[in-house]
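# structure, please.
(chains A and B)
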Amino acid sequence: KAGVTQTPRYLIKTRGQQVTLSCSPISGHRSVSWYQQTPGQGLQFLFEYFSETQRNKGNFPGRFSGRQFSNSRSEMNVSTLELGDSALYLCASTTGTPDNSPLHFGNGTRLTVT
Amino acid sequence: GESVGLHLPTLSVQEGDNSIINCAYSNSASDYFIWYKQESGKGPQFIIDIRSNMDKRQGQRVTVLLNKTVKHLSLQIAATQPGDSAVYFCAENRPSGGSYIPTFGRGTSLIVHP
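Here you go, the predicted model:
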């Protein structure tokens, strides 16, 4: 079974631009969640999507948004980029069922904002 | 706010020793706990989990202990190997919207010397 796939692997953007990151979950997984990882703040939860609906949201500004498609693939968008948005963005998938399963992470997209 | 923290940022051991990584959590609503391992350039990988109705769970060479009284979690790795060198995160999970919102510890870097 293929793992969680994130594209692109690396991105360099300029302040003020916007960026879209993509995530393909493990086949059969319906929940996709996104995380920001920085040396200063560690690993922080952004939001979770299940059946094309945002089910949970972390404490990030509205510049961070996402969506999920009918095939469970998800995209995350960051608008009006700031230098502080430079980070590793991780996507994870689970079955999304009540008994829950551990998060299965992709290898992330490294975003650098200059 | 609620937080999860690790007592030791770096743990250095000799190959063959047993390793113990500790984690404190503060949200009493959390009822599901997970340990992840993250190697350089990769996303976190699931190691072992435990639910709040248990105080101990064993896997292959790993054991997780949960003390709800003092809100403490530990990961024990038996016969540590060089391949165990990585950053280890604990995550407490709070039920929300039919899923969980995870809060991650800052991570402990485990260095295994041959």
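# surely B:Thr10 is in contact with B:Val112?
No. With contact defined as Cβ atoms under 8 Å, B:Thr10 does not reach B:Val112; the gap is 12.0 Å. C-beta here means a position set from N, CA and C on the backbone, and glycine is covered the same way.
# between those two, which is the more surrounded one?
Taking neighbours as other Cβ atoms under 10 Å in any protein chain shown, B:Thr10 and B:Val112 compare with B:Val112 leading, 20 against 10.
# for the host helix or strand of that one, name the packing helices and strands.
According to DSSP states H and E, B:Val112 maps onto strand B:108-113. Other elements packing on strand B:108-113 under the criterion 3 or more Cβ pairs under 8 Å, 6 or more residues apart in numbering or on different chains; DSSP states H and E are strand B:10-14, strand B:19-25, strand B:86-96.
# and the helix or strand just after the last one, C-alpha only, in CSV?
Right, the one you point to is strand B:86-96. Downstream of strand B:86-96, the first helix or strand assigned by DSSP H and E is strand B:99-104. The C-alpha trace of strand B:99-104 is given here as CSV (Å, rounded to 0.1, in the frame of the first residue of the first chain):
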residue,chain,number,x,y,z
SER,B,99,-11.9,12.7,15.7
TYR,B,100,-8.9,14.0,17.7
ILE,B,101,-7.0,17.2,18.0
PRO,B,102,-3.3,16.3,18.6
THR,B,103,-0.8,18.3,20.6
PHE,B,104,2.8,17.3,20.2
